[in-house]
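**Q** Got a sequence here, can you model it:
(2 chains)
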There are 2 protein chains.
Amino acid sequence: MNLIVTIPEFRDARANLFGTVGFVPTMGALHRGHMSLVKKSNQLCDFTVVSVFVNPAQFAAGEDLSTYPRTLDSDLKLLSNYNVECVFAPTSETMYNTDFSTFVDENSLSSGLESLSRPHFFKGVSTIIAKLFNIIQPSHAFFGEKDAQQLRVIQRIVENLNFPIQIIPGPVVREENGLAMSSRNEYLNKEERSRAGILYSALLKTQKQITDGERSVKKIIDLVRKTLHSEPLAKVDYISIVNDKTLIEVQGDVSGDVLVSLAVYFSDIRLIDNITIRFPE
Amino acid sequence: MNLIVTIPEFRDARANLFGTVGFVPTMGALHRGHMSLVKKSNQLCDFTVVSVFVNPAQFAAGEDLSTYPRTLDSDLKLLSNYNVECVFAPTSETMYNTDFSTFVDENSLSSGLESLSRPHFFKGVSTIIAKLFNIIQPSHAFFGEKDAQQLRVIQRIVENLNFPIQIIPGPVVREENGLAMSSRNEYLNKEERSRAGILYSALLKTQKQITDGERSVKKIIDLVRKTLHSEPLAKVDYISIVNDKTLIEVQGDVSGDVLVSLAVYFSDIRLIDNITIRFPE
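**A** As a prediction, the model looks like this:
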C-alpha cells in the first residue's frame, strides 16, 4: 500500500493499473463505515484507491474544519488490513492552488435538507469529487448511504457530466446502540454517544408507523419529534420527509418511496441519519 | 470515419482507441479555422475525434441558437479529407436529459469581456466541455485563439478540475481581408463580409502603435475606436485591453503581455477578434 501525496506521482501510479479501479473518497478519521466501502471495493474491483482529504471548500466559516479529526497514521494502519493499492492524501495547497476559480454546482437535489444548515457544503463536495474523479480516474466509486443527499447529488453529477464511473452506495454502518458511524461521533462524550442512539430509534419508529398504515406527513413528523424530544440532550435541527428520488418535500400524505432524514445536535455536534422507506402505491 | 450520435456507442468506439486521442470540439458549420485544429491534432495525436454539437446552454434567449448554421453533411465531407477516427454528433436530448441540474462555472476569467454581452455563455461552454471531456476522454484538446477568453477559461477549468488533458491552442485563421474565420461570417452579406476586415486592421494598427512606443490605454483604445468608426457599417460592442493572463482590464499604461480584443456588430451579427501583444517590460 503506497501513500501518495502529489498529483503527478498519483498519475504515474495510476498509469500502471490495468483493470477496474474502485475509489473510496474519505476525509480520514476512518471507521467501520468507511471500511465497509473498502471491503465492497475489494470485492468488486481489481484495485482499490482510498483518498484522505479534509476538503476546506465544503466547510463554512464557523464549522469544524480546523478541529475535524486528522488521524492519518491510524487510518493507514486500519487500511493495511485491506487490499488497498494506494492512499492518496494530498495537501490543501495541492488541491486548491492560488488561481482556483472553478466550481461544480448541482442546483436541484442540492437544495433543501443539509444545504439549509450548510450552505457551502454541496458546492464544495461536488467540486472536490469532480477533481478527485479526474485524478483517480476510477471505474467505480463508493459512497455511504448515511450521507443520503450527498449520495444522490453525486449520482446526479456523474449522470449529468457523463463521468464514466459507476457509483456504488454502501448501507449505513451503525454502532451497537444504532448510532450511525461518523467521524464526528468522536466529538461526543460517553453519555452523549450512548444517548445519540435516539436518532435511529426515531427512524425505526417512523418505519413501523408507516408500515402500520400511517400516511400523514404531519403525524409522522410529530412522532419523530416527540421521540427525539424524549431525549433532553438532543436538539432537533430538522426532520424531513422527501420523495426519495427528487428530494422534494412530501406534502399531505406520504406516497411512493420516501427518504426520512434527521439532523440533531448533541451539544454543538451535529449528527445526521436517515432511512428510505419503500412501499408500493 | 464513423458518425456516432449516442454516448454508449461512442464509449464502445473509444474503448478500442489505444494511444493519444486528440479532440476538436465544434458547433459544426466547419471552416478553415476548425480544419487547422484537426490538422494539428492529426500531427500530434494517434487518433482524432471531432464533435459537432450546437450547445443550447451557451446561448441566451434572443441569441442565434435557432438560426445557427447546421451543415452536418458538408461538415462530414470536409472532415473526410483528414484523418478523423470519428465524429460525435449527439442530439440536444442526448446531452441534456430532463433531470439536468449540474453546471461547471469558472468565476474569475469568465467575468468581463464576452460575458458582459453574453451572460450565459461561459457557464454553458464550461459545462458542455466538461461533459464532452468525460465522454471523449481525449489526451489532447484543441481550441482556436479567436475565442481568446474561452481558451483561457478552458485552460483554467482543466487545471482547476484536474482533467488529465493537454489543451493545445491554434492561431486565428483569417479570410483574405483579415476577417477571422467564424461560422457566423456566413450570416454577413457580401459587402459586410468584405468590410468586416476592419476589425483586424484596427488590431494591427494597435500592435504597430504599441510597438512604436505608445503605452496609454486611453490613446490606444481611442485609435481602435477611430479606426472602427471609419467603417459606417461597424457598430462597436466593446474594445478592451486586459492583462493576457488574468484578463483584468489594464489601467493607465499597458505593461507586460496584453490581450487586445474587440466585439463589433455588422447589422445584428456580432463578430469578435483579438490579438495578444507581448513585450518585455
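**Q** Please make it C-alpha for all contacts and neighbour counts, starting now.
**A** Fine.
**Q** Can you tell me the SS state at the residue of chain A positioned farthest from its centre?
**A** What lies farthest from the middle of chain A is A:Gly213; by Cα atoms, centre = their mean that is 30.3 Å. In terms of secondary structure, A:Gly213 is coil; the call rests on DSSP: H, G, I helix; E, B strand; the rest coil.
**Q** same thing with the one 10 residues further on?
**A** Secondary structure state of A:Leu223, per three-state DSSP, is helix.
**Q** for it, what are its contacts?
**A** Taking Cα atoms under 8 Å, 6 or more residues apart in numbering or on different chains as the definition of contact, the neighbours of A:Leu223 are A:202, A:206.
**Q** ok, A:Ile221 to B:Gly28 distance?
**A** Between A:Ile221 and B:Gly28 the computed distance is 54 Å (Cα to Cα, to the nearest Å).
**Q** Neighbours of the residue lying closest to A:Phe121 once chain neighbours are set aside, how many?
**A** Using Cα to Cα, 6 or more residues apart in numbering or on different chains and skipping residues adjacent in sequence, the residue nearest A:Phe121 is A:Gln58, 4.3 Å away. As a burial measure, the neighbour count of A:Gln58 was computed by other Cα atoms under 10 Å in any protein chain shown and equals 20.
**Q** just A:Gly112 next, same as before
**A** Neighbourhood size, A:Gly112 [other Cα under 10 Å]: 17.
**Q** list the contacts for A:Phe72?
**A** No, residue A:72 isn't Phe; it's Leu. With contact taken as Cα under 8 Å, 6+ apart, A:Leu72 is in contact with A:28-29, A:52.
**Q** returning to that earlier point: mind pulling up the pLDDT for the residue farthest from the centre of chain A?
**A** The score at A:Gly213 is 92. That number is its pLDDT.
**Q** Chain B versus that one, what's the distance?
**A** Distance, A:Gly213 to chain B, using Cα to the nearest Cα, to the nearest Å: 32 Å.
**Q** Next, that residue: phi, psi?
**A** Geometry field for A:Gly213 lists phi and psi as phi 120, psi -10, criterion degrees, to the nearest 10.
**Q** Also A:Val87?
**A** Reported as degrees, to the nearest 10, the phi and psi values for A:Val87 are phi -110, psi 120.
**Q** same question, A:Val264
**A** With angles defined as degrees, to the nearest 10, A:Val264 shows backbone torsions of phi -140, psi 130.
**Q** cool, and A:Pro69?
**A** For A:Pro69, the backbone dihedrals (degrees, to the nearest 10) come out as phi -60, psi 130.
**Q** That one touches A:His31, doesn't it?
**A** No: contact criterion Cα atoms under 8 Å: A:Pro69 and A:His31 do not qualify, at 11.9 Å.
**Q** For stretch A:263-270, give the mean pLDDT please.
**A** Along stretch A:263-270, the predicted local confidence has a mean pLDDT of 95.
**Q** How far away from the center of its chain is that stretch?
**A** Centroid displacement of stretch A:263-270 relative to its chain, using Cα atoms, centre = their mean, to the nearest Å, is 16 Å.
**Q** List the buried residues for it?
**A** A:263-266, A:270 (16 or more other Cα atoms under 10 Å in any protein chain shown).
**Q** between the residues you listed, which is closest to A:Asp244?
**A** Minimum separation from A:Asp244 among the buried residues of stretch A:263-270 (Cα to Cα) is found for A:Ala263, which lies at 16.9 Å.
**Q** Am I right that the closest one is in a strand?
**A** Yes: assessed by three-state DSSP, A:Ala263 belongs to a strand.
**Q** what is it paired to in the beta sheet?
**A** A:Tyr238, A:Ile272 (DSSP bridges).
**Q** coming back round to it: out of the contacts of A:Leu72, which are buried?
**A** Among these, the ones that count as buried by 16+ other Cα under 10 Å are A:28-29, A:52.
**Q** Stretch A:144-152: end-to-end distance?
**A** 11 Å.
**Q** cool, stretch A:80-98 as well?
**A** End residues of stretch A:80-98 are separated by 34 Å (Cα to Cα).
**Q** List of residues touching that stretch?
**A** For stretch A:80-98, the external contacting residues (Cα under 8 Å, 6+ apart) are A:1-7, A:10, A:38-39, A:42, A:47-53, A:55-56, A:76, B:160.
**Q** May I see the buried residues of stretch A:23-33?
**A** Neighbour-count burial for stretch A:23-33 flags A:23-30, A:33 (criterion: 16+ other Cα under 10 Å).
**Q** And these, which two are furthest apart?
**A** Distances among the buried residues of stretch A:23-33 were taken as Cα to Cα; the most separated pair is A:Phe23 and A:Ala29, at 16.9 Å.
**Q** For the residue in the stretch 151-281 of chain A that chain B sits nearest to, give me its contacts.
**A** Residue nearest to chain B within the stretch 151-281 of chain A (Cα to the nearest Cα): A:Leu161, separated by 4.6 Å. When the contact criterion is Cα under 8 Å, 6+ apart, the partners of A:Leu161 are B:102, B:127, B:130-131, B:134.
**Q** and chain A, which of those residues contact it?
**A** Taking Cα under 8 Å from any Cα of the partner chain as the test, chain A is in contact with B:102, B:127, B:130-131, B:134 out of the contacts of A:Leu161.
**Q** Out of the contacts of A:Leu72, which are close to chain B?
**A** When the contacts of A:Leu72 are checked against chain B using Cα under 8 Å from any Cα, none falls in range.
**Q** Mind checking which of those are in strands?
**A** A:Val52 (DSSP state E).
**Q** What residues does chain A have near chain B?
**A** With Cα under 8 Å from any Cα as the criterion, chain A comes near chain B at residues A:96, A:99-108, A:127, A:130-132, A:134-135, A:156-157, A:160-164.
**Q** Many thanks, I have nothing further to ask.
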